[in-house]
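**Student:** this is a predicted model, with the sequence first.
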Amino acid sequence: MAHPHSDLIHQFYTAFQQRDARSMAACYSRDAIFTDPAFGTLHGDEIAAMWQMLAERAQDFSLTFDHVKADQRSGSADWVAVYRFSQTGRQVINRVHAEFTFEDGRIATHVDHFDLYRWARQALGLKGVLLGWLPPVQASIRKQARTSLARYREKQQTGADV
């Protein structure tokens with residue numbers, strides 16, 4: 001029988017497959033922390049907004065996941081997202097290893113590991129191939145991701161179209 005936290009991971013990624021950001025957010029504790037190479041570290045409501053933004057903007061999106069493992073304290077999964085990067089129209093196949101910790105039946109921490117250079121090569125084309133490995137370019141990618149999220153949240157809060 002699977003551990004309830006394994007079921008929670010399955011619930012999370014099944015919602016992700018359906019681009020159901022509200023159900024994804026419900027898997028997190030109120031003060032959860034999320035970290036990945038593109039957005040850096042996000043807290044609480046920022047996490048829900050990120051998933052909502054990504055779900056709404058996803059084009060030609062599909063997601064698979066496997067190797068789900070979990071116990072009372074921690075868990076992990078591997079997932080692959082295939083989508084068209086909205087800013088360039090280029091297809092991205094992002095292979096991610098996720099690690100989780102749990103608190104009171106919810107995700108307390110979620111760390112996604114992926115190769116940002118590999119992502120940049122796919123998403124940005126020649127610029128990503130030539131420059132995507134450079135720390136200043138990767139910092140620019142992170143800054144752009146955070147700025148995009150901040151603008152999205154601001155529009156959400158004011159009720160403007162996103």
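**Tutor:** Noted; the coordinates are in hand.

**Student:** going forward, measure contacts and count neighbours with C-alpha atoms only.
**Tutor:** OK.

**Student:** which residues touch Gln138?
**Tutor:** Gln138 is in contact with 116-117, 132, counting by C-alpha atoms under 8 Å, 6 or more residues apart in numbering.

**Student:** highest neighbour count among these?
**Tutor:** Gly132 (25 neighbours; other C-alpha atoms under 10 Å).

**Student:** center of this structure - which residue?
**Tutor:** Trp51 (6.4 Å; C-alpha atoms, centre = their mean).

**Student:** wait, a helix at that residue?
**Tutor:** Yes. Assessed by DSSP: H, G, I helix; E, B strand; the rest coil, Trp51 belongs to a helix.

**Student:** scan this protein for its longest helix.
**Tutor:** Across the chain, the longest stretch assigned as helix under DSSP state H is helix 135-158.

**Student:** list the buried residues in it.
**Tutor:** Neighbour-count burial for helix 135-158, counted by 16 or more other C-alpha atoms under 10 Å, picks out 137-138, 141-142, 146, 149, 152-153.

**Student:** again, but for stretch 62-77
**Tutor:** Buried residues in stretch 62-77, counted by 16+ other C-alpha under 10 Å: 63, 65, 68-70, 74-77.

**Student:** so for that stretch, mean pLDDT?
**Tutor:** Taken as a whole, stretch 62-77 has a mean pLDDT of 97.

**Student:** distance from that stretch to the middle of the chain?
**Tutor:** 14 Å (C-alpha atoms, centre = their mean, to the nearest Å).

**Student:** how long is that stretch from one end to the other?
**Tutor:** Across stretch 62-77, the terminal residues are separated by 16 Å (C-alpha to C-alpha, to the nearest Å).

**Student:** helices or strands up against the host helix or strand of Ser76?
**Tutor:** Here Ser76 sits within strand 74-84, counting by DSSP states H and E. In terms of contacts (3 or more C-alpha pairs under 8 Å, 6 or more residues apart in numbering; DSSP states H and E), strand 74-84 is packed against helix 4-17, strand 59-70, strand 91-103.

**Student:** what would these look like in CSV with distance to Val82?
**Tutor:** Formatted as CSV, the helices and strands packed on strand 74-84 follow (distance: least, C-alpha to C-alpha, whole Å):
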stretch, distance to Val82
helix 4-17, 11
strand 59-70, 5
strand 91-103, 5
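
**Student:** so which of these gets nearest Asp31?
**Tutor:** Asp31 lies closest, by C-alpha to C-alpha, to one member of those: strand 91-103, at 10.2 Å.

**Student:** partners of that closest one, with directions?
**Tutor:** strand 74-84 (antiparallel), strand 106-113 (antiparallel) (DSSP bridges).
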